[in-house]
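Visitor: How does the following fold in three dimensions:
(one chain, ligands or ions: 3)
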Amino acid sequence: MSVLEIRDLHVTVETEDGTTPILNGVDLTIRTGETHAIMGPNGSGKSTLAYTIAGHPKYTVTSGSISLDGENVLEMTVDERARAGLFLAMQYPVEIPGVTVTNFLRTAKTAIDGEAPAIRTWTKDVKSAMKNLRMDPKFAARNVNEGFSGGEKKRHEILQLELLKPAIAVLDETDSGLDVDALKIVSEGVNRAKGETDLGVLLITHYTRILKYIKPDFVHVMVAGRIAEEGGPELAERLENEGYDRFLEPFADEI
Ligand code: ADP
Ligand code: MG
Ligand code: MG
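Guide: Residues are numbered from 1 along each chain as shown. Ligands and ions are numbered 1, 2, ... in the order given. Okay, the predicted model is just below:
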């Protein structure tokens, strides 16, 4: 049982215009076994929250806290966060020229577990995870994200999730750019990971579509760097019908 606690989180980013506040007091608690969806309009700070949890150097925490099982996440390096059980599937996964999928996965697994995985079970695990995600075995020899289609990038993120077995996974728009078939395959992967390891999931999405396949226990609406409303799955249904206009009205002057 793990718990990720985010308290009154304020985050800024450096831009040409100076220091810009992006997150303005985010509170969120995610336990293993729970699935939380964060929804919200473009530019509301969803990816910033994901990057801040993962430890991206561009984002500065000016106040508030993030802890995992009581340990201060903000004092951890990116590697330490991964070893502690945090995983981020990025909205825009980056290319790693010269590093094959096989080597990348093995290196990540070794770094996280503190020892190399036993070769026979590992090879079997990788093959079976790739098969489940309907990935061509040839894929394993390709360089990470180099020339991958949008859908291949997302499958590769979920492949990592299934093999690295984190405690809490942040999935940033894993649904974006996927057709219905790919969306189902990716969602099944997330659900398998949830079933196998009691994973806690923070699912960031702009659309309600993926929530038909990955059922959230809690839905949070992020607007202008804050959680504007929280509820159960019924809140996602309301957003599907009403959109985000109701939440954006108070900010009409600023937009
Ligand atoms: P979302 O994921 O909800 O669409 P983001 O977190 O990507 O929102 O962005 C929130 C706001 O912060 C936007 O106005 C965006 O332009 C700004 N922002 C985020 N990251 C950066 C960055 N690295 N440099 C400059 N501005 C950024
Ligand atoms: Mg966006
Ligand atoms: Mg985003």
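Visitor: Report the buried residues of stretch 109-124.
Guide: The neighbour-count criterion (16 or more other Cβ atoms under 10 Å) identifies 109, 112, 117, 122 as the buried residues of stretch 109-124. In this view, the C-beta of every residue, glycine as well, is placed from N, C-alpha and C.
Visitor: and the last one, what does it touch?
Guide: It refers to Trp122. By Cβ atoms under 8 Å, 6 or more residues apart in numbering, the residues touching Trp122 are 106, 109.
Visitor: for it, helix, strand, or coil?
Guide: With DSSP: H, G, I helix; E, B strand; the rest coil as the basis, Trp122 sits in helix.
Visitor: Check what pLDDT the closest residue to Glu146 other than its chain neighbours gets.
Guide: Distances taken as Cβ to Cβ, 6 or more residues apart in numbering place Glu95 nearest to Glu146, at 5.0 Å, with adjacent residues excluded. Each residue has a pLDDT score; the one for Glu95 is 92.
Visitor: Kindly report the same for Ile255.
Guide: 54.
Visitor: State the distance from the closest residue to ligand 3 within the stretch 51-200 of the chain to Tyr59.
Guide: Residue of the stretch 51-200 of the chain nearest ligand 3, by Cβ to the ion: Gln91 (4.9 Å). Relative to Tyr59, Gln91 is positioned 14 Å away (Cβ to Cβ, to the nearest Å).
Visitor: same check, this time on Tyr213
Guide: Using Cβ to Cβ, we find Tyr213 at a distance of 30 Å from Tyr59.
Visitor: Find the closest residue to ligand 1 in the stretch 151-255 of the chain.
Guide: Using Cβ to the nearest ligand atom, the point where the stretch 151-255 of the chain gets nearest to ligand 1 is Met222, with a distance of 6.6 Å.
Visitor: List the neighbours of the helix or strand hosting that residue that are in contact with it.
Guide: Here Met222 sits within strand 218-223, counting by DSSP states H and E. Contact partners of strand 218-223, identified using Cβ under 8 Å, 6+ apart, comprise 26, 28, 34-41, 44-46, 49, 211, 227-233, 235-236, 239, 244, 247-248, 251.
Visitor: next one: stretch 243-254
Guide: With Cβ under 8 Å, 6+ apart as the test, stretch 243-254 has contacts from 40-41, 221, 223-224, 228-229, 255.
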